[in-house]
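In: here is my input, please return the structure:
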Amino acid sequence: MKVYLLGAANPEAVRMILTLQRCQPDLQFAFLDNDPAKQGTLFYGVPVVGGTDKVAQLKGPDTRFVNLITGSTALRYRTTCEIVEAGGTLGNFVHPGIDLTMITLGVGTYLQEGVIMQAQVSLGDNTSISAGSVVGHEGQIGHSVFMAPGVCIAGCVEVGDGTFIGTNATILPRLRIGRWVTIGAGAVVTKDVPDYAVVVGNPARTIKTNPVSFEDGRVFN
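Out: Numbers count the residues shown, from 1 in each chain. I've put the predicted structure just below:
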């Protein structure tokens, strides 16, 4: 199988490639990147073959695409939609050390080393969780969500589509986080957060509202 990863920016992705290929030697990887300066180059030895405009040419029954863009959930959502609209089939890029027992996983998922998900967690499509983050039991994570390193989400939390959760943020149990929310690094969320809110601090407080760009983060209708 050939896997194309969108976003040649983080060398950790190459280390994950090497780890996965030790387990599944038949996997082949290449990068896509919309920066013309990166196209036609090698990223830590892995070729960058073009941008999202190449998806229609590269797609096939044994080809999968995974978006690694994490700096903006809106950009992640838009570029994944471009892949799907061009006919690309989404796959998952998951570190093999992660226990997926009793987990419901969407497609287009990017999970780095050290992620812990407890029983009955569900992840939507196009979701990315960075190294060392924890999602407690029965958590429901929406589509096109990003969690930075060291996020801790307690049990029975619902996170809405498009939410961005910063490094070392903590969300207490049984809370609802709305759609397209931004949670600042180190924030401690102690109550429900409405759609599009930007929250920071301990305890977290709303400081502004994100623009309403999208209703949800679904990449499939």
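In: contacting residues around the residue minimising distance to the centre of the chain?
Out: Closest to where the C-alpha atoms of the chain average out (C-alpha atoms, centre = their mean) is S128, at 1.7 Å. Counting by C-beta atoms under 8 Å, 6 or more residues apart in numbering, S128 touches 67-68, 70, 76, 109-111, 145-147. No exception for glycine: its C-beta is placed from N, CA and C like everyone else's.
In: confidence score at N221?
Out: Here the pLDDT value assigned to N221 is 78.
In: next, format the contacts of S128 as a markdown table and append pLDDT.
Out: Below are the contacts of S128 laid out as a markdown table (pLDDT from 0 to 100):
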| residue | pLDDT |
| --- | --- |
| N67 | 98 |
| L68 | 98 |
| T70 | 95 |
| R76 | 97 |
| T109 | 98 |
| Y110 | 98 |
| L111 | 98 |
| V145 | 98 |
| F146 | 98 |
| M147 | 98 |
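In: show only the entries of the residues you listed found in helices.
Out: Among the contacts of S128, the members falling in helices are R76 (criterion: DSSP state H).
In: all helices for this structure, in order.
Out: All helices of the chain, identified by DSSP H, fall at 11-23, 55-58, 73-85.
In: with respect to N34, which of those lies nearest?
Out: Proximity of these to N34 was assessed by C-beta to C-beta; the nearest stretch is helix 73-85, lying at 7.5 Å.
In: in the closest one, what counts as buried?
Out: Residues 73-74, 76-84 are the ones in helix 73-85 that count as buried (16 or more other C-beta atoms under 10 Å).
In: the chain - how does it break down into domains?
Out: 2-91, 92-205 (automatic domain parsing).
In: how far does the first one sit from its chain's centre?
Out: Its chain's C-alpha centre and that of domain 2-91 lie 13 Å apart, by C-alpha atoms, centre = their mean, to the nearest Å.
In: again with stretch 153-162
Out: Distance of stretch 153-162 from the chain centroid (C-alpha atoms, centre = their mean) equals 14 Å.
In: give me the contact list for it.
Out: So stretch 153-162 is contacted by 73-74, 77, 118, 124, 133-145, 147, 165, 170-181, 195, 214, 216-218 (C-beta under 8 Å, 6+ apart).
In: give me the mean pLDDT for that stretch.
Out: Stretch 153-162 carries an average pLDDT of 98.
In: quick one on the thing from earlier: for the residue nearest to the centre of the chain, report the pLDDT, please.
Out: Listed pLDDT for S128 reads 98.
In: before we move on, what about V84?
Out: pLDDT, V84: 97.
In: for the closest residue to it other than its chain neighbours, phi and psi?
Out: The shortest distance from V84 to any non-neighbouring residue, by C-beta to C-beta, 6 or more residues apart in numbering, is to V219 (5.2 Å). Note on V219: its backbone torsions stand at phi -100, psi -10 [degrees, to the nearest 10].
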